[in-house]
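# Have a look; sequence and predicted model below, questions after that.
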Amino acid sequence: MPVINSESNHDPNKILPIDYDWARDYYQRGVANNWTPEEISMQDDISQWKSDELSEAERQLVEWNLGFFSTAESLTANNIVLAIYDYVTAPECRQYLLRQAYEEAVHTDTFIYCCDSLGFDPEYMYGMYDRIPSIREKDEFVVDLTQAIDDPDFTMETEEDMRDFVRDLIGFYVIMEGIFFYAGFAMMLGLKRQGKMSGIGQQFEYILRDESLHVGFGVDLINQMRAESDFWTEEFEEEIVNLMKEAVELEKIYAEEACPEEVLGMGPDQFKEYVEYIADRRFEQLNLERQYVTENPFPWMTEQIDLNKEKNFFETNVTEYQEGGQLDWD
């Protein structure tokens, strides 16, 4: 099993002294963001859902996004607990992973709360993964990237092993949480801006705040590994770029099917542009070239997301990274 900070002889159970201040910072910021869905009233949402205030297109946006996120959050939580945690043994990193796992549980509880409040049949809501190909294809795309480390015989001994592990990190942190979630965020927050389904919209705002930290942590973990090892090759970089571009195409299909016509001034072309814009941000965070150079069609989303908060540690403080403890994967 890989051991982080082995050169400084840190036991995974001893968090002090801390070598990776950035990981500790994510934990503290996560705690500061603490929330639960029951704090948010759903009364107006319930009234709107039961009335004729929402168009059929708007109702589809709500259903599809609740259906997608309900399974995606569970997949992400399982990956943290069953895969990532086992191989990231720096105690300050594990502390944040535990915090993230808790937040994924809160997000899962959010969709239970929404489902119960609006009176959805659970089989209907949680069965959308099986019924809607564009939801299933996104989930399966990410899960496929984890197959290597899901093998019970997987070990972290070679550079190829590290590439397998990073492929998992990119699948869940960069693609699932960093690309696949964002068209849905734009859709739900767009409804909220118009005074529709504001309770669910507020919960999506809180989820978005959490996800910004999740993406940042995942990217920083990847970049920390890159700074301390030689596993990142030109061939691997090309593979990652192609994987992310394939993910963008899957998210475009989802966006167009979830919103096939203009809703409240938002249409499928704009959502596809937004996916490209967000993907370019992810490329930049990984110190890769932008692939689309697309303008943000939803400037108001910048106010919601505050992309500066997603700025990774490497972009501003490379020295602190490289002066920290070293990752030893032997």
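Nice, I can see it.
# check contacts around residue 253.
Contacts for residue 253 (Cβ atoms under 8 Å, 6 or more residues apart in numbering) come out as 134, 137. Glycine gets a C-beta too; all of them are placed from N, C-alpha and C.
# what helix or strand is it on?
Assigned by DSSP states H and E, residue 253 belongs to helix 234-258.
# Kindly provide the whole-number mean pLDDT of that helix.
Per-region confidence: helix 234-258 scores 96 on mean pLDDT.
# Show me where this protein dips below the pLDDT cut-off.
1-11, 264, 303-330 (pLDDT under 70).
# Geometrically speaking, which residue is the centre of it?
Nearest residue to the geometric centre of the chain (Cα atoms, centre = their mean): residue 177, 1.4 Å.
# Hmm, it is touching residue 76, no?
Yes. Counting by Cβ atoms under 8 Å, residue 76 is a contact partner of residue 177 at 6.5 Å.
# Please enumerate the helices of the stretch 101-250 of the chain.
With helices called from DSSP state H, counting those that start in this stretch, the stretch 101-250 of the chain shows them at 122-126, 128-131, 133-144, 147-150, 159-169, 182-193, 198-228, 234-258.
# Adding distance to residue 113 as columns, could you present those helices in JSON lines?
Output for those, formatted as JSON lines (distance: least, Cβ to Cβ, whole Å):
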{"stretch": "helix 122-126", "distance to residue 113": "12"}
{"stretch": "helix 128-131", "distance to residue 113": "17"}
{"stretch": "helix 133-144", "distance to residue 113": "20"}
{"stretch": "helix 147-150", "distance to residue 113": "30"}
{"stretch": "helix 159-169", "distance to residue 113": "29"}
{"stretch": "helix 182-193", "distance to residue 113": "15"}
{"stretch": "helix 198-228", "distance to residue 113": "8"}
{"stretch": "helix 234-258", "distance to residue 113": "21"}
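# Which of these sits closest to residue 102?
helix 198-228 (10.1 Å; Cβ to Cβ).
# what's the closest of the helices of the stretch 101-250 of the chain to residue 44?
Using Cβ to Cβ, the helices of the stretch 101-250 of the chain put helix 198-228 closest to residue 44, at 6.0 Å.
# how big is the angle separating that closest one from helix 159-169?
Computed with axes from the mean of the first three to the mean of the last three Cα atoms, to 10 degrees, the direction of helix 198-228 lies at 160 degrees from that of helix 159-169.
# Against residue 172, how distant is residue 73?
To residue 172, residue 73 is 11 Å away according to Cβ to Cβ, to the nearest Å.
# thinking again about what came up before, so which of the helices of the stretch 101-250 of the chain is nearest residue 38?
Among these, the nearest to residue 38 by Cβ to Cβ is helix 198-228 (10.2 Å).
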